[in-house]
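*Asks:* heads up, no residue letters with this:
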């Protein structure tokens, strides 16, 4: 069966919405974001927002089930290329479940089922013919807690490259490049042969990011990557995200709404398995269109 292809032309309604978003971003004063910007130095997601960027993954009417229990309901969301999309919402709302549908990690759980489409490079991620191993190389993932292998720092980053059969010379060069891109090289370059388990939590998380980068993904999924880290380590991860988004599409699940406002261009709010609202981050936080969104970000629940 021929695979569905993503139309390069965005629907007229979406183009109009994008232009509206752009005008609102330019015209509005953004005191909350400016306050958060002081934490992140010079990074300001409003300056790198591209509301007209193409969809890297176009999610359409996705339902997800754990056995007979439905966990996601008709989720549709455009995940924009080389932009950071944050997914927020209370615990158990479905945001991490949704994130894991994007590289089929939920397939590892017996009895799960996904309906709908997630169009990535013209193909439906959920199609039975999808090469899941290749998919997970192209859509990498960083988990909530650092999960380095009980191997050396070097071998952690080289692991996927060795499976792919690359030469020793290529692996050596790629390991260094990946560690540099993960802002870790200067801290570990003289001890690459020691166990990765001896690194701090923040260093281990950056090592896991380097391991994901080594196989050259196009998209990076981050499932609460800072939840187990201290504030200093968290800041380093956030700074890293602002650099990585120049080359990668990033989707991050976070409970921390300040973090979402600091690093993301777009935000989606989930509640009880439903995507309640999706918009540019500043618009969603300052002028939410749904009362449930307003209640959540104002702290009335969650």
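*Replies:* Thanks, I have the structure now. All figures in this text were calculated on a predicted structure; none of them were measured in a lab. Residues are numbered from 1 along each chain as shown.
*Asks:* look up phi and psi at the residue nearest to residue 152 when sequence neighbours are not counted.
*Replies:* Closest residue in space to residue 152, ignoring its immediate chain neighbours: residue 193 at 5.1 Å, by Cβ to Cβ, 6 or more residues apart in numbering. Bear in mind the C-beta positions are built from the backbone N, C-alpha and C, glycine included. As for residue 193, its main-chain torsions (degrees, to the nearest 10) stand at phi -90, psi -10.
*Asks:* my read: residue 193 touches residue 151, true?
*Replies:* No: using Cβ atoms under 8 Å, residue 193 makes no contact with residue 151, being 10.2 Å away.
*Asks:* and the gap between the residue nearest to residue 152 and residue 155?
*Replies:* Residue 193 sits 9 Å away from residue 155 when distances are taken as Cβ to Cβ, to the nearest Å.
*Asks:* between those two, point out the one with more neighbours.
*Replies:* Between residue 193 and residue 155, counted using other Cβ atoms under 10 Å, residue 155 has the larger neighbour count: 19 against 9.
*Asks:* next, the residue nearest to that one when sequence neighbours are not counted: secondary structure please.
*Replies:* Distance criterion Cβ to Cβ, 6+ apart; nearest residue to residue 155, sequence neighbours excluded, is residue 149 at 7.3 Å. Counting by DSSP: H, G, I helix; E, B strand; the rest coil, the backbone at residue 149 sits in coil.
*Asks:* A helix includes residue 119, no?
*Replies:* No: according to three-state DSSP, residue 119 belongs to no helix; its state is strand.
*Asks:* my guess is it contacts residue 54, does it?
*Replies:* No: here residue 119 does not reach residue 54: they are 11.4 Å apart, not a contact under Cβ under 8 Å.
*Asks:* and the two? which has more neighbours close in?
*Replies:* Shown here are residue 119 and residue 54; by other Cβ under 10 Å, residue 119 has more neighbours (20 against 13).
*Asks:* quick one: low-confidence residue ranges for the stretch 1-150 of the chain.
*Replies:* Applying pLDDT under 70 to the stretch 1-150 of the chain flags residues 1-43, 46-47, 51.
*Asks:* how about the helices in it?
*Replies:* Under the criterion DSSP state H, counting those that start in this stretch, helices of the stretch 1-150 of the chain are mapped to 12-27, 31-37, 45-48, 95-101, 132-138.
*Asks:* next one: the stretch 151-300 of the chain
*Replies:* Assigned by DSSP H, counting those that start in this stretch, the stretch 151-300 of the chain shows helices spanning 153-163, 168-181, 185-188, 201-214, 231-244, 257-263, 281-286, 291-297.
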